[in-house]
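Would you be able to build a 3D model of this:
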Amino acid sequence: MPNPNYKNALAHPIFQYIRNASTELQLDTYVIGGFVRDFLLKRGEAKDIDVVAVGSGIALAKKVAELLPHKPKVKVFKTYGTAMLRFKDIEVEFVGARKESYREDSRNPIVENGTLQDDQNRRDFTINALALSLNTETYGDLLDPFNGLKDLDKKIIRTPLEPGITYSDDPLRMMRAIRFATQLNFKIEKDSLEAISLHKERIKIITKERIVEELHKILMAPVPSIGFLLLEKTGLLPFISPELMALKGIDEVEGQRHKDNFYHTLEVVDNIAENTDNLWLRWAALLHDIGKAPTKKFSKKVGWTFHGHEFIGSKMVFKLFKRLKMPLNDKMKFVQKMVLMSSRPIVIASGVTDSAVRRLVFDAGDYIEDLMTLCEADITTKNPKRFKKYHNNFKIVRQKIVDVEERDHVRNFQPPVSGALIMETFNLKPCKEIGLIKDAIKEAILEGEIPNEYEAAFTFMLTKGEALGLSKMN
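The predicted structure is shown next:
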C-alpha cells in the first residue's frame, strides 16, 4: 500500500525554501516532532518547526537563511549542533540527525552523528517520532517507524523504545509524558506508566527549572487535575511538592471526618482553569490550602479545624517557590496574597457589610477580581442547594464591591490628608503621632465613619490631633 501524501501539512512557504536548500546541499531533510503531531491532531497554527537533516543542521540553516528574501539572522548553538531562525510567524530549529547515549548521573546525552532512524529512536514518544519528508522525490511522505499514527488515533502516550530505558536515560521524559497526557487528554500506555513509577527517583537529577517548565504546562492545560493525579499515582509528586502530598487523606476521630484536601484542591484548580488563563492565579488555586496540613487539629467541641491556614500557607508559598527555583518576585507575592486572602470573601459572603467590603477591596487592591475568581472556584460542594446558595452570596459580594468602590474609592487607597499636611498643620517633625493620625483617618474611612473626601478627613484629623494633645498652628 503506498504511503499517503501529507503535502497539506507543508503549506507554509518556509518548507519550499528548506527543500531547495536541502537539494543544493544534497542533504536528506525531514520535519519531525510536534509540528507533525499537531498537524495530524488539527491543533491549530504551529509556532515552531523542528527540522532534522542527515548531515549538518547548522549548514542547512545558513543555506535556508541565504535563500530567504529577508536574510534572517541565524542563531547557532554549537554545543548542541543546532541552529535557529525566524521566518514570518514561525521559529524553525535545525539539527543534524544524531544518536545519543547517556551516563547514569546526567540527562545530557553523549551525541554522535546518526541516521534518521537513529534520530527517531531517540525521541521521547511515538507521537513525537513522526516525520514528513522534505526531499524532492518523497516530498510529503510520512515516516512512522513506531506506529505513532496509530497511537494518535488511540490517544496513547507510548515510548518508541523500552520505557525503562527512555525514562532512565532522560527522566524529564516522565514529566513530559504526564504533560502530554494532560494537554492532549491521552492515556499513558500501561508499561510506560509503570516504568515512571519504577524510575521516579531519577527525577532528582533533573533541574528544578525544567521540572517547573513542565508543571507550568500541566497547570495551563484545560483540565490540570489529569496531570496532578498522574504525578501522585506514579509517585513523582512527593519529589516535586510534598506540601500538596501532605493534603492527601482523610482523618477520623470520634466519627468526625474532614474532606480530602488534595482532591478538593484539584477540583478548585479545574474550576479556575475554566475561567482564567492567568498562570499565577492557577498556581494560587493549587496552593490555596497548603497551610491546612500543618494547622489541622481536632477539637471535641467543633471537630476538625485549620485555624490560620491561610497565613501559614502564604509563608509556605515562599519556601516552595524558593525550593523549586521559581521567581521570588511580584508573581510570588501575588500568589502569596491570594493564598493569604483566599477565605476573606467566603467569610463575609454570609453577612455582607459595607465596612467588610471596603476592607476587602482596600486589602486586595487591583487583585480583587482575581480573588473573587479564586473564591468562586473554591466552591466544590456536591449539594445543589448549597452550590446555588454560595454562588448567589458571591454575586451579592461582587455587586457590593462595585457599589462601595463607586462611592468610596478605596481601591489603591491614598489618604485624602497627607503626612506633610499633618506635619504642617500641627507644626510637627517626623514622629509616631503622624502615623497614628493617618491610620485613624484610614480606619474611619474604611469603617464608614467619614467619607473618603478631603474636607471630612481634614476635620477628622483636627479632632484626632486634639485627642493626642496636639495644637493646630494658626
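
Only C-alpha atoms from now on, for both contacts and neighbour counts.
Will do.

Which residue is the nearest non-sequential neighbour of residue 139?
residue 133 (5.1 Å; C-alpha to C-alpha, 6 or more residues apart in numbering).

ok, that neighbour to residue 59 distance?
Distance of residue 133 to residue 59, computed by C-alpha to C-alpha, to the nearest Å: 18 Å.

So for those two, which sits in the more crowded spot?
residue 133 (24 against 19; other C-alpha atoms under 10 Å).

pLDDT score for the more buried one?
Residue 133 is assigned 95 on the pLDDT scale.

likewise residue 344?
Looking at residue 344, the pLDDT reads 85.

Could you pull up the contacting residues of the residue nearest to it when sequence neighbours are not counted?
Distance criterion C-alpha to C-alpha, 6+ apart; nearest residue to residue 344, sequence neighbours excluded, is residue 360 at 7.3 Å. With contact set as C-alpha atoms under 8 Å, 6 or more residues apart in numbering, residue 360 has these partners: 344, 345, 368.

Please identify which of those residues is nearest to residue 235.
Distance ranking of the contacts of residue 360 against residue 235, using C-alpha to C-alpha, places residue 344 first at 34.1 Å.

Quick check: residue 426 touching residue 466?
No - with contact defined as C-alpha atoms under 8 Å, residue 426 and residue 466 do not form a contacting pair (9.7 Å).

higher neighbour count, these two?
Higher neighbour count among residue 426 and residue 466: residue 426, with 17 against 13, using other C-alpha under 10 Å.

Let me see the ranges of the strands in the stretch 101-250 of the chain.
110-113, 131-133, 142-143, 156-157, 187-188 (DSSP state E, counting those that start in this stretch).

For residue 450, find the nearest of the ones you listed.
Closest among the strands of the stretch 101-250 of the chain, using C-alpha to C-alpha: strand 187-188, at 60.7 Å.

Give me the sheet partners of the closest one and which way each runs.
strand 156-157 (parallel) (DSSP bridges).

Touching the strand it pairs with from outside, list them.
Contacts for strand 156-157 (C-alpha under 8 Å, 6+ apart): 125, 126, 127, 151, 177, 180, 181, 186, 187, 188, 189, 192.

OK, contacts around the residue nearest to residue 139?
Taking C-alpha under 8 Å, 6+ apart, we find residue 133 in contact with 29, 30, 31, 139, 140, 141, 142, 143.

next helix or strand past the longest helix seen in the chain?
If you go by DSSP state H, the chain has its longest helix at helix 384-408. Scanning forward in sequence from helix 384-408 by DSSP states H and E, the next helix or strand is helix 419-426.

same for the helix or strand just after that next one, what does it pack against?
Downstream of helix 419-426, the first helix or strand assigned by DSSP H and E is helix 432-446. Counting by 3 or more C-alpha pairs under 8 Å, 6 or more residues apart in numbering; DSSP states H and E, the packing neighbours recorded for helix 432-446 are helix 354-364, helix 419-426, helix 454-467.

which one of these lies closest to residue 336?
Nearest to residue 336, of those and by C-alpha to C-alpha, is helix 354-364 at 11.7 Å.

quick check: mean pLDDT across that closest one?
Rounded mean pLDDT across helix 354-364 is 84.

and that helix, C-alpha only, in PDB?
Backbone C-alpha positions of helix 354-364 (Å, rounded to 0.1, in the frame of the first residue of the first chain) are rendered in PDB as follows:
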ATOM      1  CA  ASP A 354     -20.100  47.900  53.700                       C
ATOM      2  CA  SER A 355     -17.200  48.100  56.100                       C
ATOM      3  CA  ALA A 356     -16.200  44.500  55.400                       C
ATOM      4  CA  VAL A 357     -16.300  45.000  51.700                       C
ATOM      5  CA  ARG A 358     -14.400  48.300  51.900                       C
ATOM      6  CA  ARG A 359     -11.600  46.500  53.800                       C
ATOM      7  CA  LEU A 360     -11.600  43.600  51.300                       C
ATOM      8  CA  VAL A 361     -11.300  46.000  48.400                       C
ATOM      9  CA  PHE A 362      -8.600  48.000  50.200                       C
ATOM     10  CA  ASP A 363      -6.500  44.900  51.000                       C
ATOM     11  CA  ALA A 364      -6.900  43.200  47.600                       C
END
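
name the helices or strands packed onto the following helix or strand past that helix?
Counting by DSSP H and E, the next helix or strand C-terminal to helix 354-364 is helix 368-377. Contacts defined by 3+ C-alpha pairs under 8 Å, 6+ apart place helix 368-377 against helix 261-273, helix 279-287, helix 344-349, helix 354-364, helix 384-408.

same thing but at 7 Å, please
Applying 3 or more C-alpha pairs under 7 Å, 6 or more residues apart in numbering; DSSP states H and E, we find helix 368-377 packed against helix 261-273.

so what does the helix it packs on touch, helix or strand wise?
Here helix 261-273 touches helix 279-287, helix 368-377, going by 3+ C-alpha pairs under 7 Å, 6+ apart.

buried stuff in the shortest one?
To tie it back to what came earlier, the one meant is helix 279-287. 280, 281, 282, 283, 284, 285, 286, 287 (16 or more other C-alpha atoms under 10 Å).

Please apply the same query to the last one.
Judged by neighbour count (16+ other C-alpha under 10 Å), helix 368-377 contains these buried residues: 368, 370, 371, 372, 373, 374, 375, 376, 377.
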